[in-house]
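> Just to be clear, the model below is a prediction. Sequence and coordinates:
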Amino acid sequence: MSPEPPTVAAASTELVGLSAAEVAARIDDGLCNTLPPRTGKTYRDIVRSNVFTRINAILFVLFVMVISTGSWINSAFGLLIVVNSGIGMVQEIRAKRTLESLTLLNQEKQRVWRDGELVELTQEELVLDDYIQLKSGTQIVVDGTVVAAEQLRVDESLLTGESDAIVKSAGAEVLSGSFVTSGTGVYQVTKVGAESYAAQLAAEASKFTLTKSQLQQGINQILKYITWVLIPVGLLTIFSQVNAGVRDWRAVILQITGALVPMVPEGLVLITSTAFALGVIRLGRQSCLVQELPAIEGLARVDVVCADKTGTLTENTLEFAELIPCADTDADSARSVLAQVMASDPDPNDTAAAILAAVPLETAPWEVTDRQPFDSERKWSAVTFAGAGTFRLGAPDVLAGNTETGAQAEEISSQGLRVLLLGKENAAGTTGAADGEITPICLIVLEQKIRPDAGETLSYFGKQEVRVKVISGDNATSVAAVTRNLGMSDSAPLDAREITDMSAAVTEYDVFGRVRPEQKREMVHALQAAGHTVAMTGDGVNDVLALKDADIGVAMGSGAPATRAVANIVLLNNQFATLPVVVGEGRRVIGNIERVAKLFLTKTIYSAILAILVILAAVPFPFVPIHVTITGWFTIGIPAFVLALPPNNDRARGGFVRRVMRFAFPSGLVVGIFAFTSYLVAAGGTDIPLEHTQESTAALATLIMGSTWVLACVARPWNWWKLLLIVLPVVGYGLIFTLPLTQQLFYLDATNLPMMAVALALGAGAAVCVEILWRVTHKYF
């Protein structure tokens, strides 16, 4: 007959753990828990991903072509390779360091036996054969085998998708990535480092990536189409220039690059990655850890926030308020029994700790023969004492039902207080449902302090048309009292035990009580099925399933380790008020990138239109690379970078590419047609000489006026600094077009005043058409 497995208490007493020498030997043998980079990217990866990009490759090829002609001034656009790569690397490295420092703060320390003592160690300090303590909420970070267990239940849904917690006894295997829902235990490490699932989990948890970003997907789609267009346009431009009589290969190359360079939206990718990186850094200053970069964008798209009451709207800690004896029980007897029950819990949660602090054990502890830890599903815990019977502690509406005691508890709950019932089970045993007769002993009243920032935060979401659903495992009446104090007076509560149609319930009600963990996830699914983008906030183990399945999961820094592990965003300062900051940052990123994308894509469109018109008319291309470089920098690039920074409260919506192209395509068409018309008018037709500096200058002036008004439209609403952003480049262009030195440097000739007057008039016409387009798209779309 096999010996009985040791109890947790016995194991805790008998365990010695590894000695310092044994730990050192394992470290020397490489048997330590070395984890991959927390941000998913090494510095080498950052350099590689910012230097070897599609945009840089295109620009580099064009740069080499221009350099081969010996025209250094026309190769100035090559600086964009350095600028794009440099700014991208600097911002991403800053974001990486911010993430790493915050991840260290967020990391749970493991309680491990070493040299006979229980010590706290980081994940990286664990070695093979370590003994680790388990309790409710513990995230299992390395694989191992259970050596002792007491009512230990482990949730492996993050690994297997199976939502039911699994009972683990001595000898059972536990995998990293799972977490403890209830009970206590001890396990021995069997796999570390790359062999453990934790290595993959850590790499994915804080990865600096845009792979799930709708915004980045839209931009990648645009870049793909542009790449397809560049090659045929380049080949057709060569044919047209040769056919137009251009024989000097240097001139052909300059005109090809003059056509292709402005078609590349070189700054769009840079500004997108920089905006996200700056978002990580800004939120880091607010003690907000963004574990997945698209979460910044995702939270800006959220239209429903499901908020857990305890730990989110109220403080995570409770204060003991009152003990109310029931029936014939006197206060002293009730306090004595309550103290024994609370002292018997080897892993007290926050509620138990608050009660135990107010009702300490003053006599010898009773012998425990059986125990059932608290479970969010059944809403009670139980303990059996030798010779004293079985006692249950939990929700009064579950244990007492529609009795006088239950009604008394309901009345107290309506004041926003939390109430527990301690009762004695008349039937023996602690397993199964609480369906036996309970003799109430006392009601325990706890005060839950509302977070000072909760009301203001709920008000913010209301103004932003984001609907808030308060979901709690507590009594529905108590939850409703809290929400009333926070201004949600119109929200009638619903007891989740009465729900028959989840879709109808989440549509009609905003306040829910007695919600089981599985129901929280069902609510998230129902809202998503109705077309909503859902954020879920929580801090307890019972929130993990819903956090994992929500579009955006937000955990409190003081929450259970398992909750923090699955969340996209962790509020390390435990401030619910940080959420509006995250929403604002996401809206800044999305709204401003959409704004500047209109600038870059307008440039791409008018460049493509010019190239096509030149091919069709069989005339020399009007511009050399330096012309489009100064236009791209001062009308598009620099203003776009500045416009990507200010706050933007526009609510994020889908259809990024469609909305951007709705204005960019017709605007680019207008600017391109007017610039080409100016070119032909200045030349007096299609018989254009090979030396056409004056004609190019006229066309460039028209192009600049049209594109400047595109900037003026995109920058709205105007303020003083936006007006400077529009006016200063115009002043700069005036100097470039009039000073002899700059005219010579940039291949310009503005001495033909009648020609320039016509060009400016056409530029004004382009600006008027762009203004009309802006007004039409805003009115009807």
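Arrived safely. Numbers count the residues shown, from 1 in each chain.
> So what's the residue count around the nearest residue to Ser68 once chain neighbours are set aside?
Sequence neighbours aside, Ile253 is the residue nearest to Ser68 in space, at 6.9 Å (criterion: C-beta to C-beta, 6 or more residues apart in numbering). Quick note: C-beta positions are derived from backbone N, CA and C, even for glycine. By other C-beta atoms under 10 Å, the residues close to Ile253 number 22.
> so which helix or strand takes in Ile253?
Per DSSP states H and E: Ile253 is located in helix 249-260.
> Could I get the buried residue list for the helix or strand where Met756 lies?
If you go by DSSP H and E, Met756 is part of helix 753-780. Across helix 753-780, burial judged by 16 or more other C-beta atoms under 10 Å covers 755-756, 758-760, 762-763, 765-767, 769-770, 773-774, 777.
> what do you get for stretch 526-544?
526-527, 532-544.
> Show the average pLDDT along that stretch.
Predicted confidence along stretch 526-544 averages 87 (mean pLDDT).
> And stretch 675-686, by the same measure?
Computed over stretch 675-686, the mean pLDDT rounds to 87.
> residues of it that come out buried?
Under 16+ other C-beta under 10 Å, the buried positions of stretch 675-686 are 675-683.
> tell me the SS of Leu420?
Secondary structure state of Leu420, per DSSP: H, G, I helix; E, B strand; the rest coil, is strand.
> for it, what are its contacts?
351, 393-396, 443-444, 446 (C-beta atoms under 8 Å, 6 or more residues apart in numbering).
> cool, Val261 as well?
Val261 sits next to 59, 62, 77, 625, 628-629, 632 when contact means C-beta under 8 Å, 6+ apart.
> Repeat that for Leu579.
Residues counted as contacts of Leu579 (C-beta under 8 Å, 6+ apart) are 299, 305, 457, 537, 554, 571.
> Which one of those residues is nearest to Val112?
Each of the contacts of Leu579 was scored against Val112 by C-beta to C-beta, and Leu571 proved nearest at 27.9 Å.
> Most neighbours out of the contacts of Val261, which is it?
Tallying neighbours with other C-beta under 10 Å puts Pro625 at the head of the contacts of Val261, with 31 neighbours.
> Skipping its backbone neighbours, what lies nearest the residue nearest in space to the middle of the chain in space?
The chain has Ala295 as the residue nearest its centroid, 1.6 Å off, counting by C-alpha atoms, centre = their mean. Distances taken as C-beta to C-beta, 6+ apart place Asn568 nearest to Ala295, at 3.8 Å, with adjacent residues excluded.
> so that neighbour makes contact with Gly298?
Yes - between Asn568 and Gly298 there is a contact at 7.1 Å, judged by C-beta atoms under 8 Å.
> Give the residues shared as contacts by these two.
Residues touching both Asn568 and Gly298 by C-beta under 8 Å, 6+ apart: Ile552.
> What mean pLDDT does the helix holding Met756 get?
Helix 753-780 carries an average pLDDT of 92.
> now it, how far from the chain's geometric center?
Between the centre of helix 753-780 and the centre of its chain there are 41 Å (C-alpha atoms, centre = their mean, to the nearest Å).
> in terms of contact count, name the helices or strands touching it.
Under the contact criterion of 3 or more C-beta pairs under 8 Å, 6 or more residues apart in numbering; DSSP states H and E, helix 753-780 touches helix 656-683, helix 693-714.
> farthest-separated two in the buried residues of stretch 675-686?
Ala675 and Ala683 (12.9 Å).
> give me every residue that touches Arg301.
Arg301 makes contacts with 214, 533, 551, 586, 590, 652-654, as judged by C-beta under 8 Å, 6+ apart.
> what about Ala644, distance to Ser381?
Distance, Ala644 to Ser381, using C-beta to C-beta, to the nearest Å: 53 Å.
> er, Leu739 actually
According to C-beta to C-beta, Leu739 stands 84 Å off from Ser381.
> which one of these two has more residues nearby?
Taking neighbours as other C-beta under 10 Å, Leu739 and Ser381 compare with Ser381 leading, 23 against 14.
> Tell me the secondary structure at the more buried one.
Ser381 - assigned by three-state DSSP - is strand.
> which non-adjacent residue is nearest it?
Closest residue to Ser381 apart from its sequence neighbours, by C-beta to C-beta, 6+ apart: Phe374 at 3.9 Å.
> Likewise for Trp366?
Distances taken as C-beta to C-beta, 6+ apart put Phe385 closest to Trp366, at 4.1 Å, once the chain neighbours are dropped.
> Deepest in the core, which of the helices and strands packed on helix 753-780 is it.
Greatest average neighbour count among those goes to helix 693-714 (a mean of 25), per mean count of other C-beta atoms under 10 Å.
> if you average pLDDT over stretch 42-53, what comes out?
Computed over stretch 42-53, the average pLDDT equals 80.
> and if you look at stretch 379-386?
Here the average pLDDT along stretch 379-386 is 90.
> And that stretch, what's buried?
Along stretch 379-386, these residues count as buried under the neighbour rule (16+ other C-beta under 10 Å): 379-385.
> Make TSV from the residues you listed and add distance to Ile140 to it.
TSV is the format used below for the buried residues of stretch 379-386 (distance: C-beta to C-beta, whole Å):
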residue	distance to Ile140
Lys379	25
Trp380	26
Ser381	22
Ala382	26
Val383	26
Thr384	29
Phe385	31
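> Relative to Ser196, which of the residues you listed is nearest.
Of all the buried residues of stretch 379-386, Ser196 sits closest to Ser381, with 32.3 Å by C-beta to C-beta.
> The closest residue to Thr405 other than its chain neighbours in helix, strand or coil?
Leaving aside its sequence neighbours, Thr405 sits nearest to Pro440 (C-beta to C-beta, 6+ apart; 4.4 Å). Three-state call for Pro440 (three-state DSSP): strand.
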